[in-house]
Structure formats: structure tokens, C-alpha cells
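Asker: task: produce atomic coordinates for the following.
(2 chains)
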Amino acid sequence: MESPIAKTAQGSAPGAALEVLLAAHFADQALELPLLPTYATQVVALCSDPSSDARALAQLLQRDPALAAHVLAIANSAALGAREPIVSLQQAVARMGARTLANVALSIAVKTKVFSAGKHLERVQKLWKHSSLSAAFAREIARSRRRNVESAFLCGLLHEVGAPVVLQAVEVIQAKCKLEFAAEELDLAIAHFHTEVGERLVRSWALPEWTHAAARYHHAPHEAPAFSDEVYTTHLADRLALNCHGEDELAGLDPVLSALCMYEEDLAALHEQSENIRALAEVMS
Amino acid sequence: MSETRTCDVAILGSGPGGHSAAIEAARAGARTILVERDSRVGGECVHRGTIPSKTLHERAQALLRTGGVKAGERVPIDALMRRKDEVVSRNEELVAAQVANSGAEVVFGHGRFVSAHEIEVRAPGRPTLNIVAKHIVIATGSRPRKPGDLPIDHEHVFDSDSVLAMTWLPESITVFGGGVIASEFASIFAALGSRVSWIDRSARPLGFLDEEIVETFLKNFRAMGGTWCGGRQVKQVQWDGVSRVITELDDGTIIPTEQALVALGRVANVERLNLPAAGLGTSARGHIEVDATLCTKVPGIYAVGDVIGPPALAASSMEQGRRAVRHMLGLETHTSVDATPSGIYALPEMACVGIDEATARTRFGGAVVGVANFADLARGRINGVRDGKLKLVADPLGQRVLGAQIVGESATELIHIAQMALIGNLNIDAFVDHVFNFPTFAEAYRLAALEIVAVRSKSLRLSA
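Answerer: Numbering: from 1, shown residues only, chains lettered A, B, ... in the order given. Purely as a prediction, here's the structure:
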């Protein structure tokens, strides 16, 4: 049976319809962050193999935003009895220990919904690769500025975390309402919702505060009310990652460089590392 | 596109030396432009050096006063860091207000020499500004040294800048270095409950300090669970890819810790200044050489603070900035007595001024020394201080004050009494003949002086 909201939406333009449906969906549904099937399989394989190296799982954690977010959320939960807020992946690994981490990761892989939006799988895979590359750039930006590398990395890794949640929701709506949406509509929907949804997700999972700001303001860093440094770092990392794929010509970066107190030579130094950063991110993924 | 401006005094860098120079120049009526590369004034001192590390020191000391970190307890580092950020922010506002009130103008951007009297300032998105100045002060400070054999990545292995941005407190940390910064962080981390392994090539840390003072400090460090590995060479340091930084020493010892901190000195920020355009270079140690008036070999160009090398203390830099400006403007500069104290904001604090016992014996063929233990002071007992001592060094006759060394609570404040005694050329008896407040830590001076007087009296009786 079609919901009243779906009926209302059917009377509107397709773009507006999707927007209304998504708004309704996010208003009364808990946010779900599905795992990518390939990563879920890898986690299960790694954690089930007693001879596997703890380093492999630690590396997987660093390139899968969904797994990272789930692990951090569990590390901060009362169940694990954390005596301090867990704010970085390294801290989570150190505090849990390799065995607990493997158990937690296995539990996440088995219990968490696997991304079912088959049509959009490729898109999410691309997003995850972009997040991984953004995280690598954010790490280098922070390193060059002698700021906190781990928080920059985490912000880069999680900044797009809202996008797959939106895509998953679209898939649910499509199935429920028997609707089809054009690729442009999906682009608009992601553009419209992913920052707000991303922020809501990381906030509701009690992930570090700076990830809330990065998820929400990475496209508009000047609007960030707090954690300006982390947000500007994420913004620059996001754009450098897009630049690697020829999707951003890095125009209008002056205010960003100013905010980060970076100069042309600092940006040039990062550019010089681009290929290495990209190659490393690709090898890891 | 560019703009050219002229002024009397241009200053590169707004740390302690730079902002002090700017205020002095502007107050003297000179048209002054202060150029800052960062987006905020204050330099390393305010943002990543003295102020933030001392704020952490205060919080750690407050913890110790209430009994220290209990077993299994974790210190909420986020609250410590928030407090640090608040203090840094307030200090930045203070410096900015002082500079603004003096009438000096602040320009944000990267300044480099075009010639001996011209600086080019570039900033993203702004036209280049050329500043033509009669006098120029270089006060661009320093940054942590990055030794080639230690893999500082600011992620697992930090330097003394990046460690101040940490968001979680390691359960264990290795500290490399035997100087002031290493001592401060090693003891602060130990007080916060981290298991600290502290490694250096020297047999004991702080080689410039009195041995007895350092031993008392080390005793306290060990009591907090710290391990001092002196006289050791580091063979290899590497991240294990999971959760540990593995340090291997030359004797085969393996030390795994969650993080590591490298504090092995600092290097002057001079590479991006284009010094040759001004006719300047650097010494073999990378410093800018100056004469007694802080003027470089190029007339009109002065250098102050960390760029000229030791003592590289915030207080010295401020005074150098002031003196450089007074000299260039032809204003009177009083000759100061060489009695600059050194303060080490470790836990416990240490401080010294003048010369120590060993130096006095070498230089004068003897010394009379009085020692007061803080545990013997009423104030020490009230504050629950177990350790702490003051050494007062007098000449071989037990008359003139030559120096003082202190370890214990408030050492960095107490040392100024000895500094004033040195400046005023006071006799040891001044500490005995005049009344101190009671109960205070300053009473330690009186106890130490009484000991010197007793030795002196005994010597006189024997010689009679």
C-alpha cells in the first residue's frame, strides 16, 4: 500500500517528490549505514582466519568509512566499558586490542545491513574510494601543518558518510513506492541531504565532535561554527581528491589557504605528493 | 599587482621578540609594521610553545595536588585541551590588543627580503605588499628539529608542536631527548597517568643543571611510574602498523609504547626569508649572528629571539626585542646584570639563576652551600610536598650570593628572589636579617642562608 506521503509526492515534480519522500523517510527512520558487500566479505575473511595479520584489519578499518564509523560507535558504547571517549581509529585499536577488534569487526560485518542498492553499488564504491583518498590528503595536510593527523584523517574518511545513507533510503523508497528516479534527481537528492544526514548519523553515533562539523560543512567551511581547522582541512582534502580525478580545477582556493595559513608553496608541495598519495590510497583499497 | 609602503621599523614575526619590538617601536613614535606569517599573532610561544605546554603543566600539577591519577583512572584529555585552547585564545587576544594599543600595524602574510631595506609580503588572494623600512627586525622564531633517524609523522611519533594537538591520552609513551622540553613533557605525561619511557644519549637529563636538583626531579619522575633510560642510543624506531611504536635500543632493549614524542632541540625559521637578498647568512648552527646590540652584520637589520640561538627563552626574546629597538632608535638602554633565570616547567618545577655549586668551586676554588628541603617547611607540610629543595650558593667566604637552584612547587616563581639578590649584589645575611612571610616556600631561602651562616661561623671559629 502506498503511503499518503508517496501519494502526495506523486503529484509533484519528480525532483521535489524525491525530496519530500526522503525528508519524510529521514524524519521517522533511524539512519542506517550499510556496509559494502566487498568490505563485509573481507572483514569476515580476515576475522575468521586465525593466521591473519592484525595489520590487515587495521588497514581495512582505515579505508572503509562505514566499518570505521561502526567500530568507533561500538568502541564508545557502554558495552565495551570505555573509560575515556574513543576519538580515533588508532585509539580504538589500541584500547580494544587485536582480538576484541576482530570480534567487533566480525560482529559488525555479520549483523550490519549490507548495501542493497544494487544499482547504486558502483556509485557508493566510487564514493568510498573518494573518501579514502580524501582521508589520505587530509592526513598529509595535517601532517604538513603539524596538526592532529588522526582527526584530520577521520574527518576525511567520514565526510561523505551521509551519501550512501541517502542512496540506501532512495532504494527503500523506490521499492516501497514503485518509483524510478533519474540520475540527475539522485544527484540533487544527495547534494541536498548528504551533509545533514551525515552529521545526524555521526552525531547520533557519538562519534568525535569534529566529524560532525566535517560531515555538515565540508562544502561550506566558512559556515562551520566550530572545528574550523578540521572542516577547512576536509574541504581542501575533498577538493584535492576530486582534482586527482579531474573533477575539480581548484579554483577559488585562496580563502581556504588563508584559513589554513597555507601558502602557494605549501599547496605545491602537496601537489607534488598527489601521485604518491593517490597510488597509496589505491593500493590500500 | 603590488603595493609599496614605507615605515620606520618593520618586524618579521609576532612571537615574544617580535611583538615586544613592535610595541617598543610604536610607543617610541616610529611608524611600525609587524608582519606575521600565521593568521594569528603571538607566534609559537602563544600557540604551540610556552603558553599551551605550561597550561597542561598547571592542570597536571593540580591533579598531583589532589593525589594524582588513581590506578585504572583515565584523565579526560579533551577537557585539558579545551582549557589549553581557551588560555591560548585569551593570550592571543591579549597580544593583539597590546600591539593594537601601541599603534603598530599588523600585516598577515609571508615576508621575505627583497633587499636590505625592503620586504615583500605575500598572502593568498591578496596583492603583494612591499614594505620599505629604515630598520628591520627578524624575529621569526624556531620550530622543532626533525632528526633524520626518528620517523616523526605527527600521527604516532610526535614533535613538541604536534603533541599539543593530541586528542587522546596514550597509556604509554616514549620520550626522546634530555633537554628542557623533553623533561617537561615526560613529567607531564607521567603525572597524567601515562607510562613514560624517557630515553636520551646523556647519562642524566638537563646537563646544565645542578646534579642534586636533577636527581630530586628524577626521583619524583620515577615515583610517578616513569622510566629514565639515560646513556642509551636508539637503534631504530618504527610503527608496528597496528597500535605500537616500537623503539629498539643499542643494547637490544625493545620498548613498545602507544605513541612517541621527539624533543631533540629546535631549528631557526630562516629558510624562507631569502636572507641573501639582504646580504645575510646563517652560522653553522643555522642561526643569524648578531653583536651585543642585536644588530646583524648588515646595518639596520636586527635579529632577536630563537633565530639568534640560546638562550631561546620567551622572556629573553622579549627583552632582546625591546633592546634592539631602543638601540636602533638611539634610545637609552641600561646595562643589565647577567642574571637571567631559567625555569623548567616540569613536575616538579625546576629553576636556577647565577652559578651552581660545581661551577663556583671551579671558578672560585670553593663555595659555601646552604640547602633547604621543602619537607622541612611549614608550607611544604601544608601543601603535602614530599620533595623539593632549594640550594643557595655563596662564595668561599660564605658572604656573597652567587646563585640558586630550586626543584619543587613554585620553583619558577621562587627563583626571582635569588635573581633580585644577584642584581642587588646582596649579602647572604640579607636572607637572615629580614623577615619573610610565614608559612611560605620563600622561607627556604632563610633556612638555606642560616646553614651558610652556620658554616661560615664554624670556619671563622676554626681559623681563630
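Asker: up against chain A, what does the stretch 201-350 of chain B have?
Answerer: Applying C-beta under 8 Å from any C-beta of the partner chain, we find that the stretch 201-350 of chain B lies next to chain A at B:240-244, B:258. (Glycine included, C-beta is placed from N, CA and C.)
Asker: reformat those as JSON lines; add pLDDT and neighbour count.
Answerer: Output for these, formatted as JSON lines (pLDDT from 0 to 100; neighbours: other C-beta atoms under 10 Å in any protein chain shown):
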{"residue": "B:240", "pLDDT": "92", "neighbour count": "13"}
{"residue": "B:241", "pLDDT": "89", "neighbour count": "13"}
{"residue": "B:242", "pLDDT": "88", "neighbour count": "18"}
{"residue": "B:243", "pLDDT": "90", "neighbour count": "23"}
{"residue": "B:244", "pLDDT": "94", "neighbour count": "19"}
{"residue": "B:258", "pLDDT": "96", "neighbour count": "22"}
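Asker: ok, and the closest non-adjacent residue to the residue of chain A found nearest chain B?
Answerer: Minimum separation of chain A from chain B (C-beta to the nearest C-beta) falls at residue A:254, amounting to 3.0 Å. Closest residue to residue A:254 apart from its sequence neighbours, by C-beta to C-beta, 6 or more residues apart in numbering or on different chains: residue B:125 at 3.0 Å.
Asker: residue A:259 is in contact with the one you found, correct?
Answerer: No: counting by C-beta atoms under 8 Å, residue B:125 stays clear of residue A:259, with 10.8 Å between them.
Asker: more neighbours: which of these two?
Answerer: residue A:259 (20 against 11; other C-beta atoms under 10 Å in any protein chain shown).
Asker: can you pull the pLDDT of the more buried one?
Answerer: We note a pLDDT of 93 for residue A:259 in this prediction.
Asker: follow-up on the earlier one: and the residue of chain A closest to chain B, how many neighbours?
Answerer: Residue A:254 sits with 13 neighbouring residues when counted by other C-beta under 10 Å.
Asker: how near is it to residue B:109?
Answerer: Separation of residue A:254 from residue B:109 (C-beta to C-beta, to the nearest Å) stands at 12 Å.
Asker: swap in residue A:194?
Answerer: 36 Å.
Asker: can you show me the helices along the chain?
Answerer: Defaulting to chain A. Along chain A, counting by DSSP state H, helices occupy A:4-10, A:14-28, A:37-48, A:54-63, A:65-75, A:89-111, A:121-144, A:149-158, A:162-177, A:183-204, A:209-217, A:228-244, A:254-259, A:264-284.
Asker: not quite, go with chain B.
Answerer: Using DSSP H, helices in chain B cover B:16-27, B:43-47, B:50-65, B:77-102, B:180-191, B:211-223, B:314-328, B:357-364, B:378-382, B:411-423, B:429-433, B:443-463.
Asker: residue B:401 touches residue B:424, doesn't it?
Answerer: No: using C-beta under 8 Å, residue B:401 makes no contact with residue B:424, being 9.1 Å away.
Asker: compare the two (neighbour count), which wins?
Answerer: residue B:401 (25 against 12).
Asker: confidence score at the residue nearest to that one when sequence neighbours are not counted?
Answerer: Take residue B:401 and drop its neighbours on the chain: the residue closest to it by C-beta to C-beta, 6+ apart is residue B:421, 4.6 Å away. For residue B:421, the pLDDT comes out at 96.
Asker: give me the neighbour count for residue B:421.
Answerer: Neighbours of residue B:421 under the rule other C-beta under 10 Å: 25.
Asker: repeat for residue B:387
Answerer: Using other C-beta under 10 Å, the number of residues around residue B:387 comes to 17.
Asker: these two touch, right, it and residue B:218?
Answerer: No: using C-beta under 8 Å, residue B:387 is not in contact with residue B:218, being 10.6 Å away.
Asker: show me what contacts residue A:70?
Answerer: Shown in contact with residue A:70 (C-beta atoms under 8 Å, 6 or more residues apart in numbering or on different chains): A:33, A:35, A:108, A:112.
Asker: stretch B:394-406: end-to-end distance?
Answerer: Across its full length, stretch B:394-406 reaches 15 Å between end residues, using C-alpha to C-alpha, to the nearest Å.
Asker: report the buried residues of that stretch.
Answerer: B:394-396, B:398, B:400-406 (16 or more other C-beta atoms under 10 Å in any protein chain shown).
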